[in-house]
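K.L.:
Starting from these lines, generate the structure:
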Amino acid sequence: MKKHIYPFLTIILFASLAYSQSSLYMPLDIKQAYDKGTRSYDGTPGANYWQNHSVYDIKAAIEPKTRLLRGEETVGYFNESPDTLRQIVLRLYQDLFKPGNARDGDMPPEAFTDGVVLEKLRIGDESIIMTPSDSFSRQATNLTIILKEPVLPHSRVNIASSWHFTIPKGDDIRMGTYDSTTFYLAYWYPQVAVYDDIHGWDDVEYKGLLEFYNDFSDFDVEISVPNNFCTWATGVLQNPENIMTPETYGKFKLSQSSSEVINIISKKDIKKNNCFASTVATNTWNYKAENVTDFAFGMSDHYLWDAVSLEVEPGRYTLISAAYNPSSKDFYEIALMSKKIIESYSKDFPAVPFPYPSITIFNGGGGMEYPMMVNEASSETPSGAVYVTAHEIAHTYFPFYMGTNERRWAWMDEGWAQALSFDIQFELAPERDTRDWNVFRYLGSTGKEEDIPMMVPSDNLGRFRSYRSTSYLRPGEAYDMLRNTLGEELFGKCLREYMKRWHGKHPQPYDFFFAFNNAAGDDLSWFWKPWFFEFGYPDLGIKDVTERKGKSKITIEKIGSLPIPACIIITYEDSTTRTLNETAGVWKSGNSVITVEDSSGKKIKSVKLGNSHIPDVNGENNSWTR
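P.N.:
Below you'll find the predicted structure:
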C-alpha cells in the first residue's frame, strides 16, 4: 500500500503547482498557446512547440566617402508552424531615419536619410510591385506583403531583394557614422519578422527605443570595403588568409590560441599601411554564423585591434577582440577586461559557458549589444568602462542565447543584463558598487506615476523614464531579491534550468515564472505577483522595540507591497553590534508584520533597518533609538 502513496502525492503536488501557476493573471492571447500545447505549465516548451527560422545569404558593399551601403540578399524562410502564411512581414529598420516617420526621440537634421531604397523584391515566384496597394503596405519600419501564393505549413519560401541606403550620422547610439572612415552597421538588412505561436506576426514598429525580437537564423555575409579597411562582424571570418598580409594573418592566428592579448593591428601597423591585401581596390570579407538572431559589423581604416583567447569550456575557445580608435584611452584595457567578464559569466554566474566562438567590442557610440558584437563608446572612468562592457556582454545570454521578446517584455533581457553583471562589475571596479547604484536609481522612480508593473508590454510604456525603470531597474532589483531569497545554490539551479530549457527558443514571461517554480519545487507566485504584475513599492519600517527579562523583540512592518529582505542592525549600549538578516521569504504567507528576538541579554541602544543593497523607499521609519 505504501508504495502507491508517494506517486499519488507527487501527482497531487504537481497538479496543485500547475493550478497555482495558472492562477497568475494570464492574457487570453498567451493562454491559447498553453491550451494548444506549444507551451507547458511546468515551464518547458510544449509537445507542440515550434518556431520559424531563416537562412540569409547577403552581399554588401560600402562606399565610405558617400556613406552608401548597397546590398542584395536571398533569404530562405522556413515556415515550421502549422499555419498557412498568407502574408510576409519584413523589417526595413533604416526607415527610422526617414523624415516624418514615427520615432521615440528627437533626431538631429544631419541624421535624416531617405531610408531603405528597395530596388527589387521577389517572394517565391512573385515579383513584388512596390507601390502602396491592398497587398503592399509600408508603415514606419514594417513592410507587409499579402502573398498571391501562401506559404504552406512546414515549407520554405525564398525571398530575394536588393537595396541601398545612406549610413546615418549624428544619431549614432546604436549604429552609424563615428568619423569619416569609421562605421558601425546594425539594423541594416531587410529582415523577416518573427511569426510565433502567441501573436502571429510581430508587427511592433521599431521607433528607436525597443530593440530585439528575432528568429534564430544562419548567416553567410560578404562585406566589400576599400582594401585599407578592416571589418569585425558577427560570426567567424572565413577568408582571413586571402585578405590579410602574412604578418597580420600570423598575429590573427596566434591570437586564437593565446591567453595573452595580441596586438593584431598596432599603431605602427596603421602607420605602415600594410595590414591587408592591396592587389585590388576592394577586399571582400566573408563571415558565417549559425543559429544567431542578428548580424552586425563595424569597419574602419585606422582602428587598432587587440585579441585574446579564452577556453570557455574544455576544448572550446572564444576569440575576444577590441577594435578601437587610438585616442580611446580606456579601450587599451578592453580586451583583457572582456576576457575576465566572459570567464566570470562562464564559470561563476550564471555559470553557463559563453556560447559563441568570438566577440568584438567595437569603439563606436553608446552601449549596444548584438550577437558576437558590442558597440561601445569610450568611457571617462575605468568603472564606467567596466559597467558598460559587462552589461552589454551579459546580453549574449539575454536576448541572444534565449531569444526573448524585448519589444514586449524588455525586462526579460535588460533586467538580466543588470543582475548578471553585478558581481563582476564590483570585482573589477569596487569603487562603484553597481548594486548600490541600481538601488539608488530605482528609488528615484519607485512609487511614482512612472513606476509601471513589468507585465505591461514595453511598447505601451511610452515615456523613456518608465521604460528605464520598468525594463532595467525594477527587474534588476527583483532578480537580485529573489537570488537572496532562494540562496546562491537554488537560484543558480533555477536560472540554469530555465536557460537550458529555453535557449535557442522564444520564452515569454510565464515560461520564466513556471520554469523557476518547477526547478525550485515551489510556487513563487507570492513573489511574482507583487514584483512583476502589480503597482507597488518597497518599504519596511521598525514598528516597535520591546525589552523584557533580558530578551528584546523587534517588530518590522511591511508597509509597501513589494517583498524585500529585512536587514536589522542592532547597536548595544556597550557599543557592540549585531546584524540579523531575514530574506524576502519572511513575507511569503502574506503577513505584513514579523517579530525577531534578541536574547543576548544586552540593552539595546539603537536599531537600524536596511542596507545599500536593499531598496526601501522611506528611510525615515528605518531607525529606532532608546
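K.L.:
what sits against the closest residue to Ala47 other than its chain neighbours?
P.N.:
Nearest non-adjacent residue to Ala47, counting by Cβ to Cβ, 6 or more residues apart in numbering: Gly37, 5.3 Å away. Quick note: C-beta positions are derived from backbone N, CA and C, even for glycine. By Cβ atoms under 8 Å, 6 or more residues apart in numbering, Gly37 lies in contact with Gly46, Ala47, Asn48.
K.L.:
out of the residues you listed, who has the most neighbours?
P.N.:
Gly46 (18 neighbours; other Cβ atoms under 10 Å).
K.L.:
pLDDT value on Gly504, please?
P.N.:
On the pLDDT scale, Gly504 is placed at 98.
K.L.:
go on, Phe8?
P.N.:
Value for Phe8, per-residue pLDDT: 42.
K.L.:
got it, and Gly601?
P.N.:
Here, the pLDDT recorded for Gly601 equals 89.
K.L.:
Please report phi then psi for it.
P.N.:
As for Gly601, its main-chain torsions (degrees, to the nearest 10) stand at phi 80, psi 0.
K.L.:
try Asn405
P.N.:
Note on Asn405: its backbone torsions stand at phi -100, psi 90 [degrees, to the nearest 10].
K.L.:
isn't it right next to Asn214, touching?
P.N.:
No: in this structure Asn405 lies outside contact range of Asn214 using Cβ atoms under 8 Å: 9.5 Å.
K.L.:
what residues do these two have in common as contacts?
P.N.:
Val194.
K.L.:
hmm, back to that, any idea how far the residue nearest to Ala47 is from Ser81?
P.N.:
From Gly37 across to Ser81, the span is 14 Å (Cβ to Cβ, to the nearest Å).
K.L.:
Then Ile341?
P.N.:
Distance from Ile341 to Ser81, by Cβ to Cβ: 38 Å.
K.L.:
More neighbours: those two, which one.
P.N.:
Per other Cβ under 10 Å, whichever of Ile341 and Ser81 has more neighbours is Ile341, with 26 against 18.
K.L.:
What are the neighbouring residues in contact with the more buried one?
P.N.:
Applying Cβ under 8 Å, 6+ apart, the residues contacting Ile341 are Thr389, Ala390, Ile393, Ser421, Ile424, Leu428.
K.L.:
ok but it is inside a strand, no?
P.N.:
No: counting by DSSP: H, G, I helix; E, B strand; the rest coil, Ile341 is not found in a strand; it is helix.
K.L.:
distance of it from Met175?
P.N.:
Between Ile341 and Met175 the distance is 23 Å, computed by Cβ to Cβ.
K.L.:
Could you do Thr571 as well?
P.N.:
Distance from Thr571 to Met175, counting by Cβ to Cβ: 54 Å.
K.L.:
got it, and Val593?
P.N.:
Distance, Val593 to Met175, using Cβ to Cβ: 53 Å.
K.L.:
Pick out whichever of these two has more residues nearby.
P.N.:
Neighbour count, other Cβ under 10 Å: between Val593 and Met175, Met175 has more, with 26 against 11.
K.L.:
Once you drop chain neighbours, what's closest to that one?
P.N.:
Distances taken as Cβ to Cβ, 6+ apart put Ala186 closest to Met175, at 4.0 Å, once the chain neighbours are dropped.
K.L.:
Show the contacting residues for that neighbour.
P.N.:
Here Ala186 is in contact with Arg174, Met175, Asp294, Ala296, Met368, Tyr370, Met373, Asn375 (Cβ under 8 Å, 6+ apart).
K.L.:
of these, closest to Ser358?
P.N.:
For these, the closest approach to Ser358 (Cβ to Cβ) belongs to Met373, at 9.2 Å.
K.L.:
Could you list which residues are in contact with the closest one?
P.N.:
Listed by Cβ under 8 Å, 6+ apart, the contact partners of Met373 are Ala186, Trp232, Ala233, Thr234, Ala296, Phe297, Gly298, Ile359, Thr360, Phe362.
K.L.:
do that again at 6 Å, thanks
P.N.:
Shown in contact with Met373 (Cβ atoms under 6 Å, 6 or more residues apart in numbering): Thr234, Ala296, Thr360.
K.L.:
do Arg156 as well
P.N.:
The contact partners of Arg156, taken as Cβ under 6 Å, 6+ apart, are Gly76, Phe78.
K.L.:
That one sits in which helix or strand?
P.N.:
Using DSSP states H and E, Arg156 maps to strand 155-166.
K.L.:
Report the next helix or strand after that strand in sequence order.
P.N.:
strand 176-179.
K.L.:
which of the residues in that following strand are buried?
P.N.:
By neighbour count on 16 or more other Cβ atoms under 10 Å, the buried set for strand 176-179 is Gly176, Thr177, Tyr178.
K.L.:
can I get those in a markdown table with pLDDT?
P.N.:
As requested, those are exported to a markdown table (pLDDT from 0 to 100):
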| residue | pLDDT |
| --- | --- |
| Gly176 | 95 |
| Thr177 | 97 |
| Tyr178 | 97 |
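K.L.:
Out of the residues you listed, which is nearest to His506?
P.N.:
Out of these, the member with the shortest distance to His506 (by Cβ to Cβ) is Gly176, at 29.0 Å.
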